[in-house]
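**Student:** next one to model:
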Amino acid sequence: MATHAHAEHLEHHGPPAPHFSSRVTPGVLGMFLFIASEIMLFGSFFSAYFFVRVVNGTPWPTPPFELPVFVAFVNTCILVTSSFTMHWSLQSIKRGNVWGLRAGLLLTFLMGLTFLVTQGREYSRVGFAPKDGAFATIFYCLTGLHGAHVFVGLSILLFMTIRAFRGHFSPEHHHGVEIGGIYWHFVDVMWIVVYMTVYIL
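**Tutor:** Now for the predicted structure:
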């Protein structure tokens, strides 16, 4: 009897198994909570933009500076397209299409890298620096903050792509692709907001 009780104690040793919704896994929920915190971070910069441009009436862009709207539009098209390839890669692995997964991740990474390199070239040719007034400061803060998020997204995509080529994902185990994809879609949507706010409005 004592032996049986001891064996039962060993069997239940450690914390109990976590209970969570069948529709939202802890990893996905954690990514959503992280994205919520990042939205608040962007919100603080948009608040600064609002006070600089609307409350203080700072000209946007401040003469004689100009914004490369067309280059930003092309970059926006590239980043939005990368969301479709990211979605394609996730749907591919759910159907067991490993080559679709690899192609989608690789294309997404290359388009994200193109976006970041183009933004770097834009900085080198735009003709103003963060020290050139409130307009320039807010421009670099908002676009630079987003660029930093693109860099983080590219790092995640790189590891996802390496894992995909090593055969780590399957129709039953694809949460790494799903969670990374959620972050990448967030980066894309946030850029649309930044693009419309900084370049268009």
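**Student:** give the contact list for Glu66.
**Tutor:** Each residue near Glu66 by CB atoms under 8 Å, 6 or more residues apart in numbering is listed here: Gly127. Heads up, the C-betas are built off the backbone N, CA and C, glycines and all.
**Student:** torsion angles phi and psi at it?
**Tutor:** Here is the backbone geometry of Glu66 (degrees, to the nearest 10): phi -130, psi 150.
**Student:** helices and strands of the chain: which one bottoms out on pLDDT?
**Tutor:** helix 2-11 (a mean of 49; mean pLDDT, DSSP states H and E).
**Student:** helices and strands around the next helix or strand after that helix, which ones?
**Tutor:** In the C-terminal direction, the helix or strand that comes right after helix 2-11 (DSSP states H and E) is helix 26-50. Here helix 26-50 touches helix 133-165, helix 175-195, going by 3 or more CB pairs under 8 Å, 6 or more residues apart in numbering; DSSP states H and E.
**Student:** which one of those lies nearest to Val54?
**Tutor:** Checking those against Val54 by CB to CB gives helix 133-165 as the closest, at 11.6 Å.
**Student:** now for that closest one, which elements pack on it?
**Tutor:** If contacts are counted by 3+ CB pairs under 8 Å, 6+ apart, helix 133-165 sits against helix 26-50, helix 69-94, helix 98-125, helix 175-195.
**Student:** just the buried residues of the longest one, please?
**Tutor:** Neighbour-count burial for helix 98-125, counted by 16 or more other CB atoms under 10 Å, picks out 98, 100-113, 115-116, 118-119.
**Student:** quick one: mean pLDDT over that helix.
**Tutor:** Taken as a whole, helix 98-125 has a mean pLDDT of 94.
**Student:** how far out from the middle of the chain is that helix?
**Tutor:** What separates the centre of helix 98-125 from the centre of its chain is 12 Å, taken as CA atoms, centre = their mean, to the nearest Å.
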